[in-house]
Structure formats: structure tokens, C-alpha cells
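K.L.:
Structure for this input, please:
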Amino acid sequence: MATVNDVTLNKILKAALRRHHVPGATLTVLDGNRVTEAAAGVLNVDTGVPATTDSLFQIGSITKIFTTSLVMQLVDEAKVSLDQPVRELIPWFAVADRTATKSITLRHLMTHTSGVEGDLFLDTGSGDDATEKLLRAARFAPQLYPPGERMSYCNLGFALLGHVVHAMTGKSWDTAMRQRLFKPLGMTHALTRPEDTLRFRCAIGHVADPAQPTVMRLSPMPWLSLGQRAAGATPMMRGADLMRFVRMHLDGGISQTGERLLSRRSVRAMQSRQVRLSPDAPRGMSHWGLGWFLGDWDGGRVFGHDGGTVGQYAFLRIHAPSRTAVALLTNGGDAGALADDVFETTFEPMAGVHQPALPAADPALRIAPDTVTGTYARLGGRTTVTHDGARFWLEQTVLDPSLGFGPIPRTEIRFARRHLARFVTENAPLARNQVNFEGDAQGRFAFLGLGNRLSPRVA
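P.N.:
Alright, predicted model coming up:
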């Protein structure tokens with residue numbers, strides 16, 4: 001297997017940052033028990049403060065693995081069980097569907113199979129009650145499908161898991177993170193509360209200037225809804241501290257100081273296949289575990305998670321047999337292309353694996369328009385697929401940009417499989433995405449999937 005040193009890593013990162021217009025980033029590599037770090041660019045384009053390996057970046061939804069680990073600690077302590085209905089733990093919790101309210105379990109939440117519409121990003125304040133206020137508003141959250149039927153990414157489910165941690169420990173989720181994970185793992189440069197950024201060198205997110213896509217401006221939203229902190233709205237850390245958490249999972253739940261934080265059984269359960277994803281799922285994913293996504297790559301199995309807030313993006317890939325892990329933390333630009341670039345030159349040769357490419361459009365494939373055309377809707381947004389007699393087109397409108405998905409102008413899509421289409425566009429981030437169709441009902445698909453989120457057909 002290949003190895004990498006800090007000089008090589010810095011060269012890789014600096015060159016890739018320039019190619020993909022990313023303001024700043026850190027890249028951290030675990031090779032066995034050896035950690036190598038690099039940093040490049042700036043934390044803030046207005047101030048020009050350089051990124052360093054001690055800089056903190058938002059990790060977004062990688063937070064979900066931390067929240068899952070806290071809940072699995074409660075499983076180890078016999079305080080909860082995975083298939084226990086959430087209502088037994090949070091009696092007042094409810095969603096719009098009464099049947100689903102009674103049957104949603106912790107396992108459903110960890111595997112994104114609850115069926116609840118999950119992008120509920122409401123401003124519920126910054127107090128310790130922000131999450132409870134958000135969850136009480138969930139009584140209006142619609143049901144996409146019955147619990148356990150299929151998978152659709154659900155942020156709300158992890159906000160609820162965070163509240164389960166609070167209810168079962170008597171401590172806030174923030175306090176539980178510090179006492180149960182950060183402190184015993186020696187994660188000295190990690191935070192969950194925005195006010196703690198004053199203690200560290202922290203990145204701020206950037207978004208593209210509408211008039212000049214390669215020019216980065218400061219994000220208008222430094223934080224997502226604080227009620228969603230357990231899903232990833234607030235946590236920040238440096239790459240080396242994230243690797244301390246990764247090493248605990250590679251070492252069967254034991255910290256570097258020898259303290260057991262999770263049972264070996266819980267660690268294995270988190271990395272075990274719980275839900276099979278649709279064929280040709282993005283980023284080489286094949287299944288979802290408990291918190292982790294799992295991939296069957298050329299050369300072996302990989303697991304990890306990605307995270308995104310408004311202008312900060314994080315990527316984590318792990319190959320257990322070779323004890324290889326790579327974490328990329330960024331603050332804007334075409335972060336997805338940057339991740340593909342640096343993982344191809346670091347993680348893949350080191351682990352001896354290769355992420356499978358997405359299938360190309362098949363010009364010989366004939367798709368009956370009625371099977372896919374129509375309107376698909378989810379909370380705050382609508383996606384329309386049309387056919388002009390020769391080509392298929394997709395357009396997405398979004399009422400609230402903080403929901404976790406963005407508008408898509410009318411863009412051509414071409415099919416690679418009956419259930420899978422690719423975007424035809426010069427917009428590189430959009431071109432790397434794909435459109436999945438699921439739930440064949442009477443010759444028409446019932447769901448449209450973008451970014452692992454399903455939108456049910458409404459017309």
C-alpha cells in the first residue's frame with residue numbers, strides 16, 4: 001500500500017485548492033496509527049487568516065456518527081434498545097401520521113428509514129430548549145412512506161436522537177458530547193456551541209458570488225438551525241481530533257488511553273449492513289449502517305460520512321482492513337471536486353480501493369415519458385420532470401434555502417438506467433449528482449431521489 005508524508009500532503013492539497021476554487025481546507029490522513037496533516041488557503045476571504053492544521057471547520061452531518069455513538073453507549077448501558085419505539089422514551093413526540101408516531105424506533109432514526117420528512121430547519125432560538133421546540137413542531141412533519149419501507153435522508157431523526165440522549169442522561173446533548181466523547185478521547189479542539197468559537201482558530205463558510213461563480217463570498221448563514229445541532233448544525237473540530245474519534249471505532253470502541261467508550265458489539269453493529277440502497281447509489285454507497293454509510297468499492301468495503309452546512313463541507317472515508325482513513329474539511333468552493341481529487345491521490349492508493357464511477361448516460365436507452373414525468377414535492381420544495389418530445393428536463397424550486405437542498409434551474413437529464421439519470425450541464429457540482437427514481441407503481445415511479453432524499457410524486 002502507498003504511504004504519504006506531510007510535505008507530499010501539503011503539495012496535494014495546495015494544488016487541488018487552486019483547481020477547485022476552495023478558500024481553505026485541512027486534510028488529515030490516518031495510516032495505521034500514524035496521523036499526517038496538511039492545511040492550505042484561508043479561513044476567511046475577507047480577513048485572509050491562513051488555515052492551519054489546528055483550525056476548526058464545521059463537520060456538518062459527520063456529527064451524526066457522534067450522536068449515534070452516544071445512543072449506542074446508552075444501548076450498552078441497557079438504558080435503551082434499538083427497536084424500542086421512540087414514544088416510550090419521549091412520550092410527547094409526534095409526527096403528522098399517528099401510526100408512524102407510535103411505531104418509529106431508534107433503529108429507524110439511525111438508518112434514515114423512519115419515513116418522516118426530515119429537513120425541518122426552523123429558527124427555534126439558541127437556548128438549551130432549541131431542539132425540544134423544533135421537535136414539538138414535528139407534529140406537522142409529513143410522512144413520505146411507512147417506517148422501515150425504504151430510506152430517505154432525515155435530519156430531524158438525528159435531532160430526535162440527540163434529545164433521547166438528553167432525556168436518558170439528564171444532560172444536554174452538548175454536555176454529553178463533551179463528557180462522553182470529546183474529553184475521554186482527548187479531543188481538545190472540538191466544540192458544539194457557537195459561542196465556543198472564540199476560544200479557537202475557526203473557519204467561516206463561503207458561497208459563490210451569483211455573478212462570478214468562481215469568486216467566494218462569506219456565507220449569509222454561519223450556522224444552520226441550532227435545534228438541529230445533533231444532526232450537524234453546529235459542531236466544529238480540527239482533523240486530528242476527528243481522527244481520534246475514528247481510531248476509537250477502528251479499535252473496537254477503545255480510546256487511545258485504553259478507556260472503553262463503546263462495546264465491540266456496538267461498534268460492529270454501527271458498521272453492519274442495515275439497509276440496502278438503490279442500485280448505483282452516489283459516492284459508491286451500497287448500504288446504510290447505524291449512522292455510517294457503507295460502500296462496496298473496487299478492492300474492498302469502505303465506510304464513512306459526509307457533511308455540509310451553508311458554505312462548509314466535510315468528507316470522511318475509512319478502510320478498516322488497512323487502518324486507513326482520510327478526512328477533508330473545507331469552507332466553500334467546489335468542495336466535492338476537491339474531495340474526489342484528494343481521495344484519488346491519497347485514500348484510494350493507500351487503502352488499495354477505488355470508488356466506482358457513476359454510469360454514463362446510455363443513448364440507446366428508451367424511457368417511457370409517463371413513467372418519470374410529473375411533479376415531486378417535499379417540505380419547502382418541488383421538483384418537476386418534463387419531456388419535450390426529444391429530451392427530459394428537471395427543474396427544482398426551493399422555498400427556503402436553509403432546508404439542505406438547493407434550487408436547480410431547468411436542466412436536461414439523460415438516463416443511464418431505467419431508474420437513474422445524469423444531469424447534462426457545465427455546472428460541475430450539479431453534473432456530479434444523479435437522479436434516482438424509486439417505487440414503481442402501476443408503470444410510474446412514486447419517488448424521485450436527489451442526494452439520498454426522496455420526494456414523493458404529487459402529480
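
K.L.:
Run through the helices of this structure in chain order.
P.N.:
6-20, 63-76, 98-103, 106-110, 130-136, 155-169, 173-177, 239-250, 264-270, 335-345, 347-351, 369-372, 428-431 (DSSP state H).

K.L.:
Contacts for the second one next, please.
P.N.:
Contacts of helix 63-76 with the rest of the structure, by CB atoms under 8 Å, 6 or more residues apart in numbering, involve 80-82, 106, 110, 158, 161-162, 164-165, 168-169, 173, 176-177, 180-181, 229-232, 235, 245, 249, 261-263, 266, 269-270, 290-292, 305, 307. Yep, even glycine has a C-beta here, placed from its N, CA and C like the rest.

K.L.:
quick revisit: mean neighbour count, distance to S278 and mean pLDDT added to the helices of the chain, as a markdown table?
P.N.:
Listed next are those as a markdown table, based on neighbours: other CB atoms under 10 Å; distance: least, CB to CB, whole Å; pLDDT from 0 to 100:
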| stretch | mean neighbour count | distance to S278 | mean pLDDT |
| --- | --- | --- | --- |
| helix 6-20 | 17 | 28 | 92 |
| helix 63-76 | 24 | 20 | 98 |
| helix 98-103 | 15 | 22 | 96 |
| helix 106-110 | 25 | 18 | 98 |
| helix 130-136 | 20 | 29 | 93 |
| helix 155-169 | 23 | 19 | 97 |
| helix 173-177 | 22 | 32 | 97 |
| helix 239-250 | 22 | 26 | 98 |
| helix 264-270 | 18 | 22 | 98 |
| helix 335-345 | 21 | 20 | 95 |
| helix 347-351 | 23 | 24 | 96 |
| helix 369-372 | 16 | 14 | 96 |
| helix 428-431 | 14 | 20 | 88 |
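
K.L.:
nearest to N44, of those?
P.N.:
helix 6-20 (14.8 Å; CB to CB).

K.L.:
Roughly how far does P142 sit from A364?
P.N.:
Separation of P142 from A364 (CB to CB, to the nearest Å) stands at 39 Å.

K.L.:
More neighbours: these two, which one.
P.N.:
Per other CB atoms under 10 Å, whichever of P142 and A364 has more neighbours is P142, with 15 against 4.

K.L.:
I'd say A16 and L338 touch.
P.N.:
Yes - counting by CB atoms under 8 Å, A16 touches L338, with 5.4 Å between them.

K.L.:
shared neighbours, the two?
P.N.:
V22.

K.L.:
circling back: export the helices of the chain as CSV, with columns for distance to A416.
P.N.:
Below are the helices of the chain laid out as CSV (distance: least, CB to CB, whole Å):
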stretch, distance to A416
helix 6-20, 25
helix 63-76, 29
helix 98-103, 33
helix 106-110, 30
helix 130-136, 38
helix 155-169, 28
helix 173-177, 41
helix 239-250, 33
helix 264-270, 32
helix 335-345, 18
helix 347-351, 23
helix 369-372, 13
helix 428-431, 13
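
K.L.:
partners of the closest residue to D6 other than its chain neighbours in the sheet?
P.N.:
Leaving aside its sequence neighbours, D6 sits nearest to T36 (CB to CB, 6 or more residues apart in numbering; 5.2 Å). Beta-bridge partners for T36, by DSSP bridges, are V29.

K.L.:
Just confirm T36 contacts N5, I think it does.
P.N.:
Yes - contact criterion CB under 8 Å: T36 and N5 qualify, at 6.5 Å.

K.L.:
Between those two, which is the more surrounded one?
P.N.:
Applying other CB under 10 Å to T36 and N5 shows that T36 carries more neighbours, namely 23 against 12.

K.L.:
what's the spacing between the more buried one and G300?
P.N.:
From T36 to G300 the distance is 21 Å (CB to CB).

K.L.:
any residues touching stretch 285-301, and which ones?
P.N.:
64-65, 67-69, 72, 82, 107, 110-112, 151, 269-277, 283-284, 302-305, 319-321, 351-356.

K.L.:
Could you rerun that using 6 Å?
P.N.:
Outside of stretch 285-301, the residues within contact range by CB atoms under 6 Å, 6 or more residues apart in numbering are 64-65, 68, 110-111, 269-277, 284, 302-303, 352-356.

K.L.:
Narrow those residues to those that are buried.
P.N.:
Among those, the ones that count as buried by 16 or more other CB atoms under 10 Å are 64-65, 68, 110-111, 269-271, 274-275, 277, 284, 302-303, 352-355.

K.L.:
and the nearest residue to V353 once chain neighbours are set aside, how far is that from A167?
P.N.:
Computed as CB to CB, 6+ apart, the closest residue to V353 that is not its neighbour in sequence is G299, at 3.7 Å. According to CB to CB, G299 stands 43 Å off from A167.

K.L.:
cool, and H287?
P.N.:
Taking CB to CB, one finds H287 at 29 Å from A167.

K.L.:
Please apply the same query to F66.
P.N.:
For F66 relative to A167 (CB to CB), the value is 18 Å.

K.L.:
can you pull out the strands in the stretch 151-300 of the chain?
P.N.:
Counting by DSSP state E, counting those that start in this stretch, the stretch 151-300 of the chain has strands at residues 190-191, 206-209, 212-218, 236-237, 275-276, 285-288, 293-297, 300-308.

K.L.:
any chance of these in JSON lines, with mean pLDDT and distance to D128 too?
P.N.:
Below are these laid out as JSON lines (pLDDT from 0 to 100; distance: least, CB to CB, whole Å):
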{"stretch": "strand 190-191", "mean pLDDT": "98", "distance to D128": "16"}
{"stretch": "strand 206-209", "mean pLDDT": "92", "distance to D128": "30"}
{"stretch": "strand 212-218", "mean pLDDT": "88", "distance to D128": "28"}
{"stretch": "strand 236-237", "mean pLDDT": "98", "distance to D128": "19"}
{"stretch": "strand 275-276", "mean pLDDT": "94", "distance to D128": "32"}
{"stretch": "strand 285-288", "mean pLDDT": "94", "distance to D128": "30"}
{"stretch": "strand 293-297", "mean pLDDT": "95", "distance to D128": "30"}
{"stretch": "strand 300-308", "mean pLDDT": "96", "distance to D128": "23"}
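
K.L.:
Point out the most buried one among the ones you listed.
P.N.:
The highest mean neighbour count among the strands of the stretch 151-300 of the chain, using mean count of other CB atoms under 10 Å, belongs to strand 236-237: a mean of 28.

K.L.:
Which other helices and strands does that one contact?
P.N.:
Judged by 3 or more CB pairs under 6 Å, 6 or more residues apart in numbering; DSSP states H and E, strand 236-237 is in contact with no other helix or strand.

K.L.:
how about a cut-off of 8 Å?
P.N.:
Helices and strands touching strand 236-237, as assessed by 3 or more CB pairs under 8 Å, 6 or more residues apart in numbering; DSSP states H and E, comprise strand 57-58, strand 190-191.

K.L.:
Show me how far stretch 245-256 is from its chain's centre.
P.N.:
Taking CA atoms, centre = their mean, to the nearest Å, one finds the center of stretch 245-256 at 21 Å from the center of the full chain.

K.L.:
how about M237, what does it touch?
P.N.:
L56, F57, I59, M187, H189, A190, L191.

K.L.:
again, only this time at 10 Å
P.N.:
Contact analysis of M237 by CB atoms under 10 Å, 6 or more residues apart in numbering lists 55-59, 62-63, 66, 182, 187-192, 200, 243-245, 314, 327, 329.
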